[in-house]
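K.L.:
Build me a model:
(chains A and B)
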Amino acid sequence: MTVALDEAASEAARPQTKRKARGPSDARRGLTLMSPVFGYALLLLAIPLGATIAMSFWSQDFLTFDRSGTLENYAAIWTDDMPDHWTGIFGSYWTENLYRALLLRSLSVSLFVTAATLLLAFPIAYYVSFHVRKNKGLWIFLITIPFWTSYLLRVFLWKVILGYEGVVNASLMALGVIDEPLTSINYSINAVVLTLAHAWAPFAILPIFVSLEKIDRSLLEAAEDLGDGPIRRFFRVTLPLAMPGVVAAALIVFIPTIGDYVTPKLLGGKDGLMISNMIEVQFKKGNDQPLGSALAVSSMMIVASISVLFVWMNRKYLRARPS
Amino acid sequence: MAAPIITLEKVEKRFGDVVALGGVSGEIRAGEFFSLLGPSGCGKTTLLRCIAGFEDPTSGAIILDGKHMEGVPANHRPTNMVFQSYAIFPHLSVAENVGYGLKKQRISRAERAQRVEEALAMVDLAGYGHRASHALSGGQRQRVALARALVMRPKVLLLDEPLSALDKKLREQMQVELRRLQRAVGITFILVTHDQEEALTMSDRIAVMFGGQIAQLDTPQNLYRRPMSRQVASFIGFMNFLDAEIRADGGHSIDLDVAALGRVEVPSSQRPGKPNGRKVSVGIRPEMLTILMTDSETAEREIEAEVVDAAYYGDMTYYDVRFPGVAEPAQISMRNTAGRRILEAGDRARVGWSSESIVVLD
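P.N.:
Numbering: from 1, shown residues only, chains lettered A, B, ... in the order given. This is a model prediction of the structure:
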């Protein structure tokens, strides 16, 4: 005790200069530790992002870029009607602004996937947290099993399951439930939603599970003690306290889903394409990289604003609180 | 005597092979401050949780206000609980916490707000309603938990070691306040505690529990003065034990031969536990033994002893003295009044006692 006090006293009495001398070296050490990751982030995240944003204000002149700066790419996405050269291709089949339509479709698909994933993930997380007594770890381990296979393979497997002559259709036909294969489940927006919801489910289950685990069980007893039945208690205590996990899960699912490229490409069919597929088209076949960049930036802005809105709506539950 | 608000009939609770409550019976009277006292693992919290409805007894009955509670869930019982951890809802403000249970009842918003404010005032937290609950101190959280339960106007308020998380000074202050509050609202309080001092100072009656059984259910004074077993006697305060033999049992009085102290006759009221057999022990509290410092001081009975150890505490001195023929030293507490001598180890002492101060135990 006295030794510790003496040490503290001498620490306090030590000249300030010596302390200051330690400051820069600490900072330098911190920078050194951080620099590989920082360099990586700069090289592979910040610079490409900056380039994309810059390029979205350029325009393509066949093989060269006009770098004078223009908003016409954004105008093509947000304000203009269907461009003429597209009308030439589609004729009367498609008359609205294709970019806007794809952005809205991507948004609605990802919102739908997020809602579906949360609705499916919450009961699983709830069950494991509240009703599994032994081996919770084993359950969590089992939930992560889908990750043992690559994302691409899982998408391919859904193709096998949902295809025209896939597992579902073949089984239903064999059972005599349907006479001809269902087309609503393959190569459509439904298939995209189903596949994405499955692919992201573990990412949603884990944060919700963690936030449910953190709920002090005596709070649930207190709610019951104060007159709440199980349902009222769920909506007044369990769900609000699980909100940090639900918000995290929603963002984890929503943000990557809106830009998903593989699933719509493989399972979307002609009506299931999303904005990322159009971005690819612009960068490659369309040879209009500035427009592709503007599409990418636009979809990023949509994601960012909806995420911010979502976090803001739940700010009451996300406030940091000491336990 | 007031009618019982709670009747326990052979309440038994098993968790697998573990018997938490081994057939507890007893009555808790309306309006009393009742304590369940015992060491950890004695079943006191389990009993409280059975009354609250968080646990179902394996067998036996709990009758609360004339109604059998079997199958009645906690949210339909006229009881409210103050949890050991306080269980304050972290996502709600103080007022929302206190008004939590009122929201379901069909009362107007204005009346609800008024009752919340009244309840907060009752626990000295008037004006704290808008505060965020996570910004409260431990003592304030405890008061919020109390207000939240009291605002429901329960028939019985259950308190699960509510003071154990507070520091000593705050705990003593809350003991006084809880007692005052209980008298003011007139609600039956059932307090679970392992702190015998807390139970003694606050309760009208105490059930001392060991191993899932009520060892003795009595008033604080009776528990201290007339414990029914050695276990109860040594759990509440300190007790010196001396071997004794019953020479004659005359019904109204007992003739005893006590080691070192000699023959003594005591009324049978000083044998509350009614131990069987001739070999018994007698208990005597440290403050019931007096060291006679001067020749002018006398006592009903006196015995020569040797001081083995003396511990000076300022207001009190605690002596360990050895009686002739008894290996285990006895403890004596003496108030340090003006001019009273402090003895040292090795001194001879004349120890005075009276037949009234002993209790015959198993």
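
K.L.:
When you work out contacts or count neighbours from here on, use the C-alpha atoms and nothing else.
P.N.:
OK.

K.L.:
got a list of what B:Ser35 touches?
P.N.:
The neighbourhood of B:Ser35, defined by C-alpha atoms under 8 Å, 6 or more residues apart in numbering or on different chains, consists of B:Ile190, B:Leu191, B:Val192, B:Thr193, B:Ala199, B:Ser203, B:Arg205, B:Ile206, B:Ala207.

K.L.:
Among those, which are located in helices?
P.N.:
With DSSP state H as the criterion, helices contain B:Ala199 from among those.

K.L.:
give me every residue that touches B:Leu146.
P.N.:
B:Val82, B:Val123.

K.L.:
does it count as helix, strand or coil?
P.N.:
Classification of B:Leu146 using DSSP: H, G, I helix; E, B strand; the rest coil returns helix.

K.L.:
quick one: the residue in the stretch 251-362 of chain B that chain A sits nearest to from B:Ile291, how far?
P.N.:
Closest residue of the stretch 251-362 of chain B to chain A, C-alpha to the nearest C-alpha: B:Tyr313 (24.9 Å). In this view, B:Tyr313 and B:Ile291 are 17 Å apart by C-alpha to C-alpha, to the nearest Å.

K.L.:
Please identify which of these two sits among more neighbours.
P.N.:
Using other C-alpha atoms under 10 Å in any protein chain shown, the more surrounded residue of B:Tyr313 and B:Ile291 is B:Ile291, with 23 against 10.

K.L.:
Give the next helix or strand downstream of the host helix or strand of the more buried one.
P.N.:
Using DSSP states H and E, the element containing B:Ile291 is strand B:290-292. Per DSSP H and E, strand B:290-292 leads on to strand B:301-312 as the next helix or strand towards the C-terminus.

K.L.:
Go ahead and name everything in contact with that next one.
P.N.:
B:260-261, B:317-324, B:329, B:343-355.

K.L.:
again, only this time at 6 Å
P.N.:
B:317-323, B:344-354 (C-alpha atoms under 6 Å, 6 or more residues apart in numbering or on different chains).

K.L.:
Whichever of the residues you listed end up buried, select them in ChimeraX.
P.N.:
Buried subset of those, written as a ChimeraX selection, criterion 16 or more other C-alpha atoms under 10 Å in any protein chain shown:
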select /B:317,318,319,320,321,322,323,349,350,351,352,353
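
K.L.:
ok so, going back, from A:Ser184, how far off is the residue of the stretch 251-362 of chain B closest to chain A?
P.N.:
88 Å.

K.L.:
In strands, which of the contacts of strand B:301-312 fall?
P.N.:
B:Thr317, B:Tyr318, B:Tyr319, B:Asp320, B:Val321, B:Arg322, B:Arg348, B:Ala349, B:Arg350, B:Val351, B:Gly352, B:Trp353 (DSSP state E).

K.L.:
nearest to A:Ala248, of those residues?
P.N.:
Using C-alpha to C-alpha, B:Tyr318 comes nearest to A:Ala248 of the ones in strands among the contacts of strand B:301-312, at 62.4 Å.

K.L.:
who touches that closest one in this structure?
P.N.:
By C-alpha under 6 Å, 6+ apart, the residues touching B:Tyr318 are B:Ala310, B:Ala311, B:Ile332, B:Ser333.
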